[in-house]
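Enquirer: with the input below, show me the fold.
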Amino acid sequence: MFKTLVVATRDRERLAEISAVAARYGLDMLLARLGLRQDRGSGNEPPDLPRRTRQALEALGPTFVKLGQILATRRDLLPEPWIAEFEKLHSEAPTLPFATLRPRLEEALGETPETAFARFDMEPLAAASMAQVHRATLHDGREVVVKIRRPGIRQKMQADLRLITHLAGIVESSSREARHFQPRALVQQLFDTVLEELDFTQEGRNADRLREDLSGNPGVVIPEIHWAFSSEAVLVMDYVEGIAPKDESVLRAEGIDPAAIADLGAGLVLDMVLVNGRFHGDPHPGNLLCLPGDRLALLDLGLIGHVSARRQQEFLTFLLSLRSGDAQTLADMLALWSAGKGAPRERILIVAEYLTARHSNGPLVLGRLVADFFPMLRKEGLVLPPDLALIFKALITMDGVLNAIQPGFDLARALERARAKLVITRIAASQSQDKIVALLLELSRLADDAPRLLRALTRKLEAEPVERRAGPSDAAVITDAKWIAGAVLLAGVLITASLGLW
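Expert: Got it, this is the predicted structure:
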């Protein structure tokens, strides 16, 4: 079925299995479009091709499910029917008898679970394709969950990664249509994601880092990792009991305010992206729990996105120019993100003008923005960098959660709060305390001198004849006045802001 593909003997059996699954789900046309078949076939795309592709990915196991989940973040590349199907991808799997997992758990613990824990439940709490989860109780009485990696899963996923890498090379060289998807870049993202999620110590470190990032927010709970029992193949963390944010009425019945949770969740995701630079990559309802006291718990931290300071500034500029109706600045951001894609500036500006006309007023609802934004990107051939695609995915997912419990929720207020935090964070991070003190002393001196300078400037302006027309020298005087006034204002702002820095 596939074009000639030279693979190691150890991977040929898996390649045959992939070919059989593709044939079972009737993916001949899709393979032809990707350049993986010699015969390109004919006819229109079957309407159920997205569904059959999703089913094939699920049948092929966790590596291909992860690939589909990455594609689900690429609304700039795929139309909505494909995104909708790929968002349904799950990694559930049949439970394994605990006897199958016991050797791995005992090797990681260095003792039996009966000895390590006061109580260990051999019936699984949940199962997925990469791991199985059991409940337990520590000797100090704390309730925990024990996540155990499935035997043989690493070897299988690494074999899949080798094959997918070979296939991506063929796709990129054979299909002009598929080249737009940047197959090799997608596979590299898949490679990084899979290798990170296979190592449970990465998830544990992610939890610790996010907990530290969000330590100033008492409304956010991240389970504590018990490192004495954890390793690459086993992760032990606090058990958290709560309610998934799916139904407004269920939350109210439990004494939880949906409006408070929506406000908390919006601020949380924007703080993670715009302020901390580290965010939960997939905050869907299964990875969130609402707790008494209108708190929110973050679970399953295997996929964490990172945002550079430069990208934070770009993304904030994108949102603020959209809200202010500044189509020129919005077009600048889109052109920067699509550098090298060959889209003419005038076409990018048309996209920006359309978006600002639609979204500069009223509530900021990401679902509506996405419905306009990504089809326009695809129409004009614009492609987002992968890290931005993941940011949009996280925001869109959280926005969907918030609107399920608080319909019509407006992100604008949370955006303003995040912007203010980002400004203060940047000032604190970019300047040492000594530099801030020196800057404030200099501005304080300027503020002390400002009244005298302003009085002298006022006398000069009053001495000029009223009927005289402004000339070059007057423009300079007025500029000086604006500069002095601006400097005094800046001094006041920085002095006020500095009071909260120590």
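Enquirer: with adjacent residues omitted, what lies nearest to residue 160?
Expert: Closest residue to residue 160 apart from its sequence neighbours, by Cβ to Cβ, 6 or more residues apart in numbering: residue 63 at 3.6 Å. Using the backbone N, CA and C atoms, a C-beta is placed for each residue, glycine as well.
Enquirer: where's the one you found, which helix or strand?
Expert: Counting by DSSP states H and E, the element that carries residue 63 is helix 62-71.
Enquirer: circling back to that earlier point, neighbours around the residue nearest to residue 160, how many?
Expert: Residue 63: 23 surrounding residues under other Cβ atoms under 10 Å.
Enquirer: in the chain, what spans have low per-residue confidence?
Expert: Along the chain, the model assigns pLDDT under 70 to residues 1-10, 37-44, 91-92, 177-178, 180-181, 340-342, 423-502.
Enquirer: how's it carved up into domains?
Expert: Taking automatic domain parsing as the criterion, the chain consists of the domains 9-92+154-197, 243-430, 432-498.
Enquirer: ends of stretch 170-190, how far apart?
Expert: 17 Å (Cα to Cα, to the nearest Å).
Enquirer: give me the buried positions along that stretch.
Expert: Residues of stretch 170-190 classed as buried by neighbour count (16 or more other Cβ atoms under 10 Å): 170-172, 175, 178, 181-183, 186-187, 189-190.
Enquirer: who's in contact with stretch 396-405?
Expert: Contacts to stretch 396-405, defined as Cβ atoms under 8 Å, 6 or more residues apart in numbering, come from residues 75, 245-248, 251, 258, 261-262, 265-266, 268-269, 282-285, 288, 365-367, 370, 409, 411.
Enquirer: let's see 7 Å
Expert: By Cβ atoms under 7 Å, 6 or more residues apart in numbering, the residues outside stretch 396-405 that reach it are 245-246, 248, 251, 258, 261-262, 265-266, 269, 282-285, 288, 366-367, 370, 409, 411.
Enquirer: now stretch 157-165
Expert: Contact partners of stretch 157-165, identified using Cβ under 7 Å, 6+ apart, comprise 7, 11, 14-15, 18, 62-64, 67, 187, 190-191, 194, 198.
Enquirer: show me which of these is closest to residue 379.
Expert: Nearest to residue 379 out of the contacts of stretch 157-165 is residue 67 (Cβ to Cβ; 25.3 Å).
Enquirer: isn't the closest one right up against residue 190?
Expert: Yes: if you go by Cβ atoms under 7 Å, residue 67 and residue 190 touch, sitting 5.3 Å apart.
Enquirer: middle-most residue in the chain, spatially?
Expert: The centroid of the chain falls nearest to residue 391 when counting by Cα atoms, centre = their mean (3.4 Å).
Enquirer: my guess is it contacts residue 315. True?
Expert: Yes: counting by Cβ under 7 Å, residue 315 is a contact partner of residue 391 at 6.4 Å.
Enquirer: shared neighbours, these two?
Expert: Both residue 391 and residue 315 are in contact with residue 273, where contact means Cβ under 7 Å, 6+ apart.
Enquirer: related to what we said a few turns ago, which ones among the contacts of stretch 396-405 are found in helices?
Expert: 248, 251, 258, 261-262, 265-266, 269, 366-367, 370 (DSSP state H).
Enquirer: show the buried residues in these.
Expert: Neighbour-count burial (16+ other Cβ under 10 Å) is assigned, among the ones in helices among the contacts of stretch 396-405, to 248, 251, 258, 261-262, 265-266, 269, 366, 370.
Enquirer: can you redo those as CSV with distance to residue 30?
Expert: Shown next, in CSV, are those (distance: Cβ to Cβ, whole Å):
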residue, distance to residue 30
248, 39
251, 41
258, 41
261, 40
262, 39
265, 37
266, 38
269, 34
366, 30
370, 25
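Enquirer: closest to residue 353 out of those?
Expert: Looking across these and measuring by Cβ to Cβ, the closest to residue 353 is residue 370, at 18.2 Å.
Enquirer: could you find the closest non-adjacent residue to that closest one?
Expert: residue 396 (5.7 Å).
Enquirer: okay, helices next: where are they in the stretch 301-450 of the chain?
Expert: Remark: helices assigned in the stretch 301-450 of the chain by DSSP state H, counting those that start in this stretch are 309-324, 327-337, 345-359, 366-380, 386-405, 412-430, 433-463.
Enquirer: one step back: wait, the residue nearest to residue 160 touches residue 194, no?
Expert: Yes: using Cβ under 7 Å, residue 63 is in contact with residue 194, at 6.2 Å.
Enquirer: what about stretch 334-351, how long is it end to end?
Expert: First residue to last in stretch 334-351 (Cα to Cα) measures 9 Å.
Enquirer: what about residue 59, neighbour count?
Expert: Residue 59: 16 surrounding residues under other Cβ under 10 Å.
Enquirer: next, give phi and psi for it.
Expert: Backbone geometry at residue 59, expressed as degrees, to the nearest 10, gives phi -70, psi -30.
Enquirer: mind listing what it touches?
Expert: Residues near residue 59 by Cβ under 7 Å, 6+ apart: residue 21.
Enquirer: please report the distance of it from residue 408.
Expert: Counting by Cβ to Cβ, to the nearest Å, the separation of residue 59 from residue 408 is 39 Å.
Enquirer: gap between the residue nearest to residue 370 and residue 360?
Expert: 20 Å.
Enquirer: who's more crowded, these two?
Expert: The neighbour comparison of residue 396 against residue 360 (other Cβ under 10 Å) goes to residue 396, with 19 against 16.
Enquirer: re earlier: and the two most separated of the buried ones among the ones in helices among the contacts of stretch 396-405?
Expert: By the measure Cβ to Cβ, 251 and 370 form the most distant pair in those, at 24.9 Å.
Enquirer: buried ones in stretch 194-204?
Expert: Buried residues in stretch 194-204, counted by 16+ other Cβ under 10 Å: 194, 197-200, 202-204.
Enquirer: same thing with stretch 315-324?
Expert: Buried-residue list, stretch 315-324, by 16+ other Cβ under 10 Å: 315-319, 321-323.
Enquirer: now swap in stretch 217-225 and tell me
Expert: Using 16+ other Cβ under 10 Å as the test for burial, stretch 217-225 gives 219-225.
Enquirer: so what touches that stretch?
Expert: The contact list for stretch 217-225 (Cβ under 7 Å, 6+ apart) reads 204, 207-208, 210-211, 214, 237-238, 240, 264, 268, 291, 294-299.
Enquirer: can you tell me which of those are classed as buried?
Expert: Buried members of these, counted by 16+ other Cβ under 10 Å: 204, 207, 210-211, 214, 237-238, 240, 264, 268, 291, 294-299.
Enquirer: just these: which are in strands?
Expert: By the criterion of DSSP state E, membership of the buried ones among the contacts of stretch 217-225 in strands covers 237-238, 291, 295-298.
Enquirer: which one of those sits closest to residue 380?
Expert: Proximity to residue 380 was ranked across those by Cβ to Cβ; first place goes to residue 298, at 35.7 Å.
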